[in-house]
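Student: fold the following and give me the result.
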Amino acid sequence: MSETSMAVGAWEALFRAQVSVMRELTECFPTSEISFNEYDVLFNLSNQPDRRARIRDLTRHLLLTQPSISRLVDRLASKGIVEKTSDPGDGRGIIVTMTDEGYDLYRRTAISHAEAIRRRVGGALDDDELASLAELCTKLRLGSPVGADA
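Tutor: Reported below is the predicted structural model:
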């Protein structure tokens, strides 16, 4: 099997696994208060200092376009889950901060969601396989960009 065929096969396996797992996790998402994508915004905010970030910085962590993220943030703000403020260092920028209510919702959701992930991913792989998967995915994420010289 050629190097290209092996790489394409590995990509297909990774992509199909991701789609399958995401579909199941979306189906059993533990709350109707926020969507799966809104949760992803909260997850990323929870990992930022003071649970706040500029919208443009969130786009680096999410698989959505900036306009889609802006709409999600607007919905979260209308529910009191986040607050939007102008960036004092750049009047065009918007800072999004998770409210205390938003953090409580995030934590409640995260606990149930983590259990669903444990059942779906941990139920299919043993501890060594989970460690290998994490290592391989990190290696892929940090790998050289396409077209970079070796």
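Student: other SSEs contacting the helix ranked longest in the chain?
Tutor: For the chain, the helix with the greatest residue count under DSSP state H is helix 3-27. For helix 3-27, the packing partners by 3 or more CB pairs under 8 Å, 6 or more residues apart in numbering; DSSP states H and E come out as helix 100-117. Glycine gets a C-beta too; all of them are placed from N, C-alpha and C.
Student: show me where pLDDT drops low in this structure?
Tutor: Residues of the chain meeting the criterion pLDDT under 70: 144-150.
Student: okay, the angle between the helix or strand encompassing residue 72 and helix 100-117?
Tutor: Following DSSP states H and E, one finds residue 72 within helix 66-78. Counting by axes from the mean of the first three to the mean of the last three CA atoms, to 10 degrees, helix 66-78 lies at 120 degrees to helix 100-117.
Student: in its sheet, what does whatever helix or strand comes next after helix 66-78 sit against?
Tutor: Along the chain past helix 66-78, the next helix or strand (assigned with DSSP H and E) turns out to be strand 82-87. The pairing partners recorded for strand 82-87 under DSSP bridges are strand 90-98 (antiparallel).
Student: centre-most residue in the chain?
Tutor: What sits nearest the mean C-alpha location of the chain, by CA atoms, centre = their mean, is residue 40, with 4.6 Å.
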